[in-house]
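S.K.: Requesting a structural model of the entry that follows:
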Amino acid sequence: KNNDDEAYLWESAAGGTFTVTKVDDCELKRGTQITCHLKDDQLEYLEERRIKDLVKKHSEFIGYDIELEVEKTEEKEVTDDEEEDEKDEEKKDEEQKEGDEPKVEEVKEGDEPKKKTKKVKEVTKEMEKLNKNKPLWTRDPKEITKEEYGAFYKAISNDWEE
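M.R.: Numbers count the residues shown, from 1 in each chain. Okay, the predicted model is just below:
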């Protein structure tokens, strides 16, 4: 979809027929959005690896970027500030009880308490480009192998036999 184009909805129940209807109120400004509804026995297609394999097989020679939103988990070490917050609150309570009297504390070097750290898993979502190979017709013919030509022929002709 271009910015100024009308949006259309293509629907199919995989029975060999489909319908195309015009959508009046579309949130999508540019590009194509694909939404798949799966049967209960086909949940393997929700796996990230399976989606990547399907896109690679069926759109390897497409000149437009195909991106998939993926979740990445990263472990980070975070200081445990909860204990410090509790100690600070206790000190404030003591100071309020004592009144306005100034308090002098002697601190020696090396007596500083070490901060405790704990590992926290942080999950982020990012878009990952799936079709990283440039289409054959945009590459130098000398760089293309016979296997790549064969794969291109099979993808275009749907002739999957050797």
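
S.K.: residue boundaries of the helices in this protein?
M.R.: 48-58, 82-98, 146-157 (DSSP state H).

S.K.: Least confident of these, on average?
M.R.: Among the helices of the chain, helix 82-98 has the lowest mean pLDDT, at a mean of 55.

S.K.: Let me know how buried Ala7 is, in neighbour terms.
M.R.: By other C-beta atoms under 10 Å, 16 other residues sit near Ala7. The C-beta positions use only the backbone N, C-alpha and C, and glycine is treated the same way.

S.K.: which residues does it bridge with?
M.R.: Beta bridges link Ala7 to Val23 when assigned by DSSP bridges.

S.K.: residues contacting it?
M.R.: 1, 22-23, 26, 28 (C-beta atoms under 8 Å, 6 or more residues apart in numbering).

S.K.: out of these, what pair is the most spread apart?
M.R.: Farthest pair in the contacts of Ala7 (C-beta to C-beta) is Lys22 and Leu28. Separation: 13.6 Å.

S.K.: circling back to that earlier point, JSON lines for the contacts of Ala7, including distance to Tyr45, neighbour count and pLDDT?
M.R.: Shown next, in JSON lines, are these (distance: C-beta to C-beta, whole Å; neighbours: other C-beta atoms under 10 Å; pLDDT from 0 to 100):
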{"residue": "Lys1", "distance to Tyr45": "24", "neighbour count": "15", "pLDDT": "54"}
{"residue": "Lys22", "distance to Tyr45": "28", "neighbour count": "9", "pLDDT": "88"}
{"residue": "Val23", "distance to Tyr45": "25", "neighbour count": "12", "pLDDT": "85"}
{"residue": "Cys26", "distance to Tyr45": "25", "neighbour count": "14", "pLDDT": "78"}
{"residue": "Leu28", "distance to Tyr45": "22", "neighbour count": "10", "pLDDT": "76"}
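
S.K.: Closest one of those to Leu68?
M.R.: Nearest member of the contacts of Ala7 to Leu68, counting by C-beta to C-beta, is Leu28, at 16.5 Å.
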